[in-house]
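Chemist: here is my input; please provide its structure:
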Amino acid sequence: MLIFLLCLPAMAAAQAQSVADIIAQTRMHGYDAPSTRIAALEAAKDRPGENASAEAKRQYFVALGQLAAAADNATAFTQAIDGLEQAGQSQACKPCKAQAMVLRASWDLTRKGAATTLTLLTRAEQAMGSDAPPDAWAHLYAARARNYRLAGHYAKSIQDALKALRIADQQKNAALQVEMTILLALDNASLGDFPRADAYIKEAISQATRIGFGFQLAYGYLNLGHIYALRNNREGQYEALTNALQRASAVPDLAEVRMIALSNIADYHLQRNEFETALDYAVQAGTLARSLDEQRSLAIALTNEGIALSHLGQLDKGIERVQQAIAIATKMQNSEHVIGMTKELIGIYERSGRYKEAVDALHRVAEMEKTLTAQERQRDVLALQEEFAVERKQQEIDRLSAINAQQKALAEARNAQRWMWLVVAVALAIAAFYLVRRLRGVRSANRRLSRANEVLEEQTARDPLTGTYNRRHFQNLLQQAAAGLPKHELRTPQPFLSLVVLDLDHFKQINDSFGHDAGDAVLIEVSRRMRDLVRTEDSVVRWGGEEFVLVLPGTGADGACTVVSKVLAAIGSTPVRYKSGSIPVTVSAGATTIPETGVRAWRFALQIADLALYRAKGGGRNHAVCVSLIDERALAETEEEIDLDQAQAQGHLRLRDVAGPGVGTS
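Modeler: Numbers count the residues shown, from 1 in each chain. Down below sits the predicted model:
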């Protein structure tokens, strides 16, 4: 017994870690439970005292505050805030003050709503100071991205999440990489870009598994279930939610995951018309949300509870629960939830015969959805994501090339040394003979390496599903445009360029009616038909989801309209064969032609083509609008949103409608 007691201090000393080690371990591997890391920080041998530097205090208290927020530990959280504010005041530490505000915003987000926290984050950005370290800015961007998401501003959320992710990549902060990748998956799913959402969530789950970040892995599966639900894959949803619930049940700190999983499993049972089971799960979720003071999750639980009650014949109670949920979501300025909850309320109104109230609610939803739909077309945000993906691919290519070069240099050095001794040991003539053969082998290996790199470059420029070019290829074309296109590639004396933006009509209905495999088959066949129509110097680019861009160098306005007319006919005249049936498909398009090929002109042309596509869709779909720019400088310099009809009346451009098959000529 004496020996055991004497060993205890030595064991405790061996287990005590430095603050820097704990923070580094958290960034590299995350954690299973934040409470264990909080205990480690509080027991750290170099925990900063009153006389510690401001930077030491900032690092310590920010880490403590982030972990405390994840663990819902109010005591540790208050300690972290107090420590940062004191350092900010007594040691004039601007980042300390700013990050204290960021932490408060993170804590209040699900309790008080996005409006209050956005004000705090705005103040934090102003207080940060230009010399703030990168991790402080990453903290701000990550918190603001979550804020924008909760408020329904998905495009802004993506912008800030990418900023945080770029810093996380630079600093090798794997834990933050996982968190931001999950957030990007959710934002893209909310905007209807499911291929990108799927790629992000699978990347996040894979990385969380690889580094051992059990806490975020549970969130990864929880949000995978959410994405499956949006895609109407109910079995995938249930499997992912069950996985999340099992992981969360073993960790007390994951009460939020348990709560959300319970609420979403209630939704799963609602879809299966198992209303009593759904009600049970919804009530459990609501009880847990109240205990955690999670207002956002409480609103979701109340909605599911209301739907279940209405189907069980308790219509008035059901309406009351959903109205309570809408009031909470409205107060928190969560527009996505308000829209979804109001749609559920409309269904209950209709079942109860309250049609006037249903119509009034329908008008409110239509107005709110205008803002959400507008976000789906923000191509600048889509381009940001593609540019970031290209950066990562290029970094991987550079890394592989560096490894190949290093291996090649080492091999050549070893070979040179080996052959040198052989020359000394054997006759010079024999050594020369073998040296020539070896050099030929090296040249052959170099050629194989060069071909492999060319294949890798080509693969990174192609969309893996359709085989068309991707945004990376488009970015390369932009870089070429900066220097001007070679004259011999143009079939007209003037350097005309036409861009066509195409969008498959009612593609979501195809996925919903026939399944996502059918949607993929449609995308593949539509891509093939477009590639068959264009010239070798033209490019078919998959822009994202069901959207494509045709790049037509040397093509004037009349030529662009001709190409668009052929594309409409090729796609709309013949349904796409799928299994034993066929799927009718049409597209809408916007085209624009510019008399120059600079980078700014390309981007402006893309903006005008997008507006033309909007006009085509608003005109009933299955047709295109071609825009010939007459005074593009006047349009480009305007600070107001461009109205195509008004611009045509002012003589800045000319519009021409092209009808698809089966549509009367306009």
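Chemist: lowest average confidence, helix or strand, in the chain?
Modeler: Least confident helix or strand, the chain: helix 2-15 with a mean of 38, by mean pLDDT, DSSP states H and E.
Chemist: so where's the stretch 451-600 of the chain uncertain?
Modeler: 451-460, 478-495, 596-600 (pLDDT under 70).
Chemist: tell me the buried residues in stretch 245-255?
Modeler: Leu245, Arg247, Ala248, Val251, Asp253, Leu254, Ala255 (16 or more other C-beta atoms under 10 Å). All C-beta atoms are positioned from the backbone trio N, CA, C, and that covers glycine.
Chemist: lowest pLDDT pick from these?
Modeler: For those, the model is least confident at Val251; its pLDDT is 86.
Chemist: correct me, but that residue touches Ala33?
Modeler: Yes. Assessed by C-beta atoms under 8 Å, Val251 is found in contact with Ala33 at 5.0 Å.
Chemist: surely Met101 meets Leu121?
Modeler: Yes. With contact defined as C-beta under 8 Å, Met101 and Leu121 form a contacting pair (7.2 Å).
Chemist: before we move on, the earlier item: which neighbours do Val251 and Ala33 share?
Modeler: Gly214, Phe215 (C-beta atoms under 8 Å, 6 or more residues apart in numbering).
Chemist: any idea how far the residue lying closest to Ala361 once chain neighbours are set aside is from Ile630?
Modeler: With C-beta to C-beta, 6 or more residues apart in numbering as the criterion, Ala361 has its nearest non-adjacent residue at 4.9 Å, and that residue is Ile346. Look at Ile346 and Ile630: by C-beta to C-beta, to the nearest Å, they are 47 Å apart.
Chemist: what about the residue nearest in space to the middle of the chain, which helix or strand?
Modeler: Centroid-nearest residue in the chain, with C-alpha atoms, centre = their mean: Leu184, separated by 2.9 Å. Element membership for Leu184, per DSSP states H and E: helix 174-190.
Chemist: CA atoms only: put the next helix or strand after that helix into PDB for me.
Modeler: As assigned by DSSP H and E, the chain's next helix or strand after helix 174-190 is helix 194-211. The C-alpha coordinates for helix 194-211 follow below in PDB (Å, rounded to 0.1, in the frame of the first residue of the first chain):
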ATOM      1  CA  PHE A 194     -26.500  17.700 -53.400                       C
ATOM      2  CA  PRO A 195     -23.500  16.400 -55.300                       C
ATOM      3  CA  ARG A 196     -21.200  19.000 -53.600                       C
ATOM      4  CA  ALA A 197     -23.000  18.400 -50.200                       C
ATOM      5  CA  ASP A 198     -22.400  14.600 -50.500                       C
ATOM      6  CA  ALA A 199     -18.700  15.100 -51.400                       C
ATOM      7  CA  TYR A 200     -18.200  17.500 -48.400                       C
ATOM      8  CA  ILE A 201     -20.000  15.300 -45.800                       C
ATOM      9  CA  LYS A 202     -18.200  12.100 -46.900                       C
ATOM     10  CA  GLU A 203     -14.800  14.000 -46.800                       C
ATOM     11  CA  ALA A 204     -15.600  15.200 -43.200                       C
ATOM     12  CA  ILE A 205     -16.600  11.800 -42.000                       C
ATOM     13  CA  SER A 206     -13.600  10.200 -43.500                       C
ATOM     14  CA  GLN A 207     -11.200  12.800 -42.000                       C
ATOM     15  CA  ALA A 208     -12.900  12.600 -38.600                       C
ATOM     16  CA  THR A 209     -12.500   8.800 -38.600                       C
ATOM     17  CA  ARG A 210      -8.900   9.100 -39.700                       C
ATOM     18  CA  ILE A 211      -7.800  11.600 -37.000                       C
END
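Chemist: and helix 194-211, how far out from the chain middle?
Modeler: 10 Å (C-alpha atoms, centre = their mean, to the nearest Å).
Chemist: so which bits of that helix are buried?
Modeler: 194-201, 203-205, 207-208, 211.
Chemist: what do you get for stretch 521-528?
Modeler: So, applying 16+ other C-beta under 10 Å, buried residues of stretch 521-528: Ala521, Val522, Leu523, Glu525, Val526, Ser527.
Chemist: closest to Val62 among those?
Modeler: Leu523 (44.8 Å; C-beta to C-beta).
Chemist: so how far is Ile583 from the residue lying closest to Arg621 once chain neighbours are set aside?
Modeler: Among residues not flanking Arg621 along the chain, Asp505 sits closest, at 4.4 Å (C-beta to C-beta, 6+ apart). Applying C-beta to C-beta, the value for Asp505 to Ile583 is 12 Å.
Chemist: ditto for Phe514
Modeler: On the measure of C-beta to C-beta, Phe514 and Ile583 end up 6 Å apart.
Chemist: now swap in Ile38 and tell me
Modeler: Where Ile583 is concerned, Ile38 sits at a distance of 55 Å (C-beta to C-beta).
Chemist: before we move on, what about Ile346?
Modeler: 30 Å.
Chemist: tell me the confidence at the closest residue to Arg272 other than its chain neighbours?
Modeler: Nearest residue to Arg272, sequence neighbours excluded (C-beta to C-beta, 6+ apart): Arg234, at 7.4 Å. Listed pLDDT for Arg234 reads 88.
Chemist: cool, Asn273 as well?
Modeler: Reported pLDDT for Asn273: 92.
Chemist: what is the burial count for it?
Modeler: Under the neighbour criterion other C-beta atoms under 10 Å, Asn273 is assigned a count of 9.
Chemist: on the three-state scheme, it is what?
Modeler: coil (DSSP: H, G, I helix; E, B strand; the rest coil).
Chemist: torsion angles phi and psi at it?
Modeler: phi 60, psi 30 (degrees, to the nearest 10).
Chemist: mean confidence score for stretch 194-207?
Modeler: Mean predicted confidence for stretch 194-207 is 91.
Chemist: would you map out the domains in this structure?
Modeler: As recorded under automatic domain parsing, the domains making up the chain are 19-155, 202-374, 406-460, 471-659.
Chemist: between those domains, which one is nearest to Ala164?
Modeler: Short answer: domain 19-155, nearest of these by C-beta to C-beta, at 3.9 Å.
Chemist: can you get me the start-to-end distance on that closest one?
Modeler: 36 Å (C-alpha to C-alpha, to the nearest Å).
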